[in-house]
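S.K.: Task: produce atomic coordinates for the following.
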Amino acid sequence: MDLGEAIKTAIALEDKIVNVYTKYADKFSSPVASKIFKLLGEEEEGHTAYLKAKLEQWQNSGKITVDDIKTIVPDKEVIKENVKKHKAAAKQANIDDEIEVFKKALEMESQASAFYKDLVGKLAPEDQVLFKRFIEIEEGHEAIVKAEIDNARGFGFWFDFQEFDLESA
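M.R.: Presented below is the predicted three-dimensional model:
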């Protein structure tokens, strides 16, 4: 697979993901769940735009430059600071339906991570750099979606932070 075909395939995948996030973003009773889907959808739209620009660059010159791709996935300190603030808002009235939608999102993000890992393995080393950052970002998206599923189910964790203390029980 050459770089142009890889980029086109990645664009198609990102468009598919955007469509899912857009379709479900306003269907949650939880404002936190809606916000997560909207933000992830916007980020995926940014991926599509970035990849389209790289495809055009490659088609025009046969080369690409790799720019830093930003992500909404915060570092653990930011997450830790916001856990308590979001905890109360994350309680959902229609949990089962919303969990099912998040499960679809998790499957989609897992497939995206696997796709980018596979793609990197198939490309020449000089072409791999474009997609390596996407692996990190998609794995971060997986973590966000998993955290929301765990929170909705009441497992006591949100973004891998325990929300209750078993020692004090």
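
S.K.: all contacts plus neighbour counts: C-alpha atoms, from now on.
M.R.: OK.

S.K.: Quick test: name the residue nearest the centre of the chain.
M.R.: For the chain, the residue sitting closest to the mean C-alpha position, by C-alpha atoms, centre = their mean, is residue 141 at 2.7 Å.

S.K.: Which helix or strand contains that residue?
M.R.: In the assignment (DSSP states H and E), residue 141 maps to helix 125-153.

S.K.: One more: residue 29?
M.R.: With DSSP H and E as the criterion, residue 29 is inside neither a helix nor a strand.

S.K.: Neighbours of it, how many?
M.R.: 16 (other C-alpha atoms under 10 Å).

S.K.: what's the distance between it and residue 99?
M.R.: 12 Å (C-alpha to C-alpha, to the nearest Å).

S.K.: Leaving out sequence neighbours, find the closest residue to the residue nearest to the centre of the chain.
M.R.: Distances taken as C-alpha to C-alpha, 6 or more residues apart in numbering place residue 109 nearest to residue 141, at 6.6 Å, with adjacent residues excluded.
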